[in-house]
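Enquirer: my questions concern the predicted model and sequence given below.
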Amino acid sequence: MTSLKLEEILKDEPKYRITQVYKLLYSDFIENWQEATILPKNLRNKLGRDFPLEIKAKLFHSKDQKTIKALVYLEDGLATEAVLMIHPKKRNSICVSSQVGCPLGCKFCATGKMGFKRNLSSDEIISQVLLFARLLKRENEKITNIVFMGMGEPFLNYDNVLSAIRIINDKGKFNLGTRRISVSTAGLPQAIRKFSGEKMEVNLAISLHAANDKLRSNLMPVNKGYPIRKVLEAVEEYIKKTGRKVMFEYILLKGVNDRTADAEELSVLMNHPLYHLNLIPYNPTGDFKSSSSREIDAFKRVLKARNIPFTQRFRFGVDIAAACGQLACASTPL
Ligand code: SAH
Ligand code: SF4
């Protein structure tokens with residue numbers, strides 16, 4: 001579904017057609033060109049032939065119906081996953097993938113364990129968005145937030161992720177404000193610096209998960225090449241350039257990084273007016289245990305005492321393996 005291809009198909013049409021077609025695609029969310037009665041019949045047929053709108057996917061609904069996971073089939077036979085989370089108060093956020101698998105191999109992450117298959121094209125990223133936009137439209141609802149926290153490391157697929165964000169943000173296309181879009185990275189300093197220069201107000205999240213290099217390198221092999229100090233230097237430049245807050249994600253792993261001493265060490269690192277900490281309950285993927293609520297409370301007490309602003313992420317879709325870090329197509333029942 002590239003705009004280039006659309007422009008090619010519409011090259012002999014009057015100029016306003018492309019605007020009409022983008023509206024049909026990204027705002028009306030049509031699923032079949034025959035619905036587009038505003039277009040002449042022969043053009044509808046041509047688009048139906050050369051620019052099919054079908055997105056092949058299988059959906060899984062959580063018991064509480066608040067989470068829907070989509071296994072999206074790609075043309076080369078691979079598949080990727082995206083998740084819709086329906087929050088109270090009319091927030092419909094989707095979590096999209098940027099790669100099939102991930103080469104960074106974090107120990108706690110199911111995607112990391114499946115290895116790396118390939119990058120997704122910007123069209124394949126956009127298809128995940130369109131799939132849920134179409135679904136929500138049937139309920140008169142809309143996507144309100146998009147996070148790049150599905151499978152893969154978005155900054156290892158930088159260009160395609162950025163062009164997808166541009167389509168999502170484009171007023172004549174999907175028209176979602178960049179402040180409603182978040183990109184999460186395991187912490188690649190060069191990419192963070194590049195991202196600082198994009199002049200887009202996309203939210204940046206850093207997967208931290210440990211407050212010292214020894215533990216972080218153990219959990220996240222990427223830390224061996226890019227230790228915490230290097231990541232924070234790049235984050236500092238990002239903050240200087242953009243003046244924006246940065247979110248740090250921290251999964252609580254029982255007995256590994258959830259002790260009060262860990263919270264103390266983390267508080268020192270997080271003592272910055274523009275840092276915000278997001279505590280994430282560990283979603284089981286095999287190797288670790290989740291912290292108990294007593295342990296989590298003790299951890300939070302230390303943060304509070306040190307005046308570290310934090311929030312705790314709500315757990316969505318564990319029963320359909322749709323929660324953070326559980327996305328790994330193979331483990332999904334077909
Ligand atoms: N590669 C990027 C984005 C995808 S991972 C990154 O690592 O930031 C999205 C988020 O899910 C990250 O914060 C990641 O650390 C978290 N995550 C991975 N495995 C998890 C698990 N088992 N339980 C809870 N969160 C997990
Ligand atoms: Fe890759 Fe992110 Fe999973 Fe690490 S947590 S393996 S970087 S997807």
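Expert: Received it, and whenever you're ready, just let me know what you need. Ligands and ions are numbered 1, 2, ... in the order given.

Enquirer: list the contacts for Lys46?
Expert: By C-beta atoms under 8 Å, 6 or more residues apart in numbering, the residues touching Lys46 are Ile9. Using the backbone N, CA and C atoms, a C-beta is placed for each residue, glycine as well.

Enquirer: how far away is it from Tyr16?
Expert: 17 Å (C-beta to C-beta, to the nearest Å).

Enquirer: how about the residue in the stretch 151-300 of the chain that ligand 2 sits nearest to, what does it touch?
Expert: Taking C-beta to the nearest ligand atom, ligand 2 has its nearest neighbour within the stretch 151-300 of the chain at Ala186, 3.7 Å off. Contacts for Ala186 (C-beta under 8 Å, 6+ apart) come out as Leu104, Cys106, Glu153, Ser207, Met220, Val222.

Enquirer: quick one: which two of these are the most distant?
Expert: Farthest pair in those (C-beta to C-beta) is Glu153 and Met220. Separation: 10.8 Å.

Enquirer: compare these two (neighbour count), which wins?
Expert: Neighbours around Glu153 and Met220, counted as other C-beta atoms under 10 Å, are more numerous at Glu153. The numbers are 27 against 23.

Enquirer: for that one, report the pLDDT, please.
Expert: With respect to pLDDT, Glu153 scores 98.

Enquirer: got the phi and psi for it?
Expert: Dihedral pair for Glu153: phi -100, psi 110, per degrees, to the nearest 10.

Enquirer: circling back: from the contacts of Ala186, which are also near ligand 1?
Expert: Filtering those for neighbours of ligand 1 using C-beta under 6 Å from any ligand atom leaves Glu153, Ser207.

Enquirer: from the contacts of Ala186, which is closest to Asn160?
Expert: Using C-beta to C-beta, the contacts of Ala186 come closest to Asn160 at Glu153, 12.2 Å.

Enquirer: wait, that closest one sits on Gly105?
Expert: No - at 10.4 Å, Glu153 does not count as touching Gly105 under the criterion of C-beta atoms under 8 Å.

Enquirer: and for the two, which residues touch both?
Expert: By C-beta under 8 Å, 6+ apart, no residue touches both Glu153 and Gly105.

Enquirer: for the record, mean pLDDT for the helix or strand harbouring Phe248?
Expert: Phe248 is part of strand 246-252 when elements are defined by DSSP states H and E. Strand 246-252 shows an average pLDDT of 97 in the prediction.

Enquirer: helix, strand, or coil at Ile146?
Expert: Put simply, Ile146 is strand when judged by DSSP: H, G, I helix; E, B strand; the rest coil.

Enquirer: which residues touch the closest residue in space to it that isn't next to it in sequence?
Expert: Among residues not flanking Ile146 along the chain, Ile181 sits closest, at 5.0 Å (C-beta to C-beta, 6 or more residues apart in numbering). When contacts are counted by C-beta under 8 Å, 6+ apart, Ile181 touches Asn145, Ile146, Val147, Phe148, Ile165, Ile168, Asn169, Val202, Asn203.

Enquirer: if we use 10 Å, what do you get?
Expert: 96, 145-148, 164-165, 168-169, 200-203 (C-beta atoms under 10 Å, 6 or more residues apart in numbering).

Enquirer: again with Lys41
Expert: So Lys41 contacts Gln34 (C-beta under 10 Å, 6+ apart).

Enquirer: now do the same for it: its pLDDT.
Expert: 96.

Enquirer: cool, and the one 3 residues further on?
Expert: Reading off the per-residue confidence, Arg44 sits at a pLDDT of 97.
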